[in-house]
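Asker: Make a model of this:
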Amino acid sequence: MLELKKLSKTYKNGVKALNGINLTISQGEFVYIIGSTGSGKSTLIKIIDGEEVPTSGRCEVIGINVGKLKHSKVPIYRRNIGVVFQDFRLLEAKTVFENIAFALEVINAPKSLIRKRVREVMNLVGLDDKGHSFPNQLSGGQQQRVAIARALANRPMLLIADEPTGNLDPEMSNDIMTLLEKINREEQTTILMVTHDRELVNRHLKRTITLDSGHIKSDVLGGGY
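Answerer: Purely as a prediction, here's the structure:
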């Protein structure tokens, strides 16, 4: 599913964000990426998402060497990946249904497929009754559920959750974590979750990879901070 081979990234200002990382994540895994600010987490996610190109080494996702993709091919590649951010990034002028549908409209999916898939993911994230609501009518936890549903609309093989509970209280954070576990289990979606939430990581034990100064400091099955 995901394989990094001697992956390094040095920015033009001389900052070495990643230093020869080797990592393999299998289809269906749920993995935390943790580490302090500046450890390389954001750069790693940007390379996997095709936003940044590695200085050296390889990043392969579902057999695709992401760093070698032509710029025009990156949007097509990203159809295999769903990304969820801590600030939701919903379209405020669109309803819940329309926000989720938008992910399929941009790839010109048939309207019949869009309606069917939007209803499926709304059911999956527990928002069956919120289709006509707008983001400002929802709680933070509900908005994050919409963001997750939108990320899942195109049936991605990999879901990147970048601090998905960062703006939520502990109870809502736990609800979102339970939802992600359900998605991992029922949809067989590989989940890569970046988080600073020590309590959440220790409550929901998973494989945990710790980055430090661009290196993998530890890679622990069963995890914990």
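
Asker: going forward, measure contacts between C-alpha atoms and count neighbours the same way
Answerer: Noted.

Asker: so what's the spatially most central residue of the chain up against?
Answerer: In the chain, the residue lying closest to the centroid (C-alpha atoms, centre = their mean) is residue 160, at 1.4 Å. Contact analysis of residue 160 by C-alpha atoms under 8 Å, 6 or more residues apart in numbering lists 45, 81, 82, 83, 84, 191, 192, 193, 194.

Asker: tell me the SS of it?
Answerer: strand (DSSP: H, G, I helix; E, B strand; the rest coil).

Asker: re earlier: ok, of the contacts of residue 160, which come out buried?
Answerer: Burial by neighbour count, 16 or more other C-alpha atoms under 10 Å: within these this picks out 45, 81, 82, 83, 84, 191, 192, 193, 194.

Asker: right, and the helix or strand after the host helix or strand of the third one?
Answerer: Residue 82 belongs to strand 81-85 when elements are defined using DSSP states H and E. With elements assigned by DSSP H and E, the helix or strand that comes after strand 81-85 is helix 96-105.

Asker: Check the offset of that following helix from the chain's centre.
Answerer: Relative to its chain's centre, helix 96-105 lies at 18 Å (C-alpha atoms, centre = their mean, to the nearest Å).

Asker: Let me see the mean pLDDT of that helix.
Answerer: For helix 96-105, mean pLDDT rounds to 96.

Asker: And the furthest pair within the contacts of residue 160?
Answerer: The span of those, defined through C-alpha to C-alpha, is set by 81 and 194 at 15.0 Å.

Asker: Can you get me a residue count around residue 203?
Answerer: Other residues near residue 203 come to 12 when the count uses other C-alpha atoms under 10 Å.

Asker: residues contacting it?
Answerer: So residue 203 contacts nothing (C-alpha under 8 Å, 6+ apart).

Asker: could you point out where this protein is predicted with low confidence?
Answerer: Counting by pLDDT under 70, the chain shows low-confidence ranges at 223-225.
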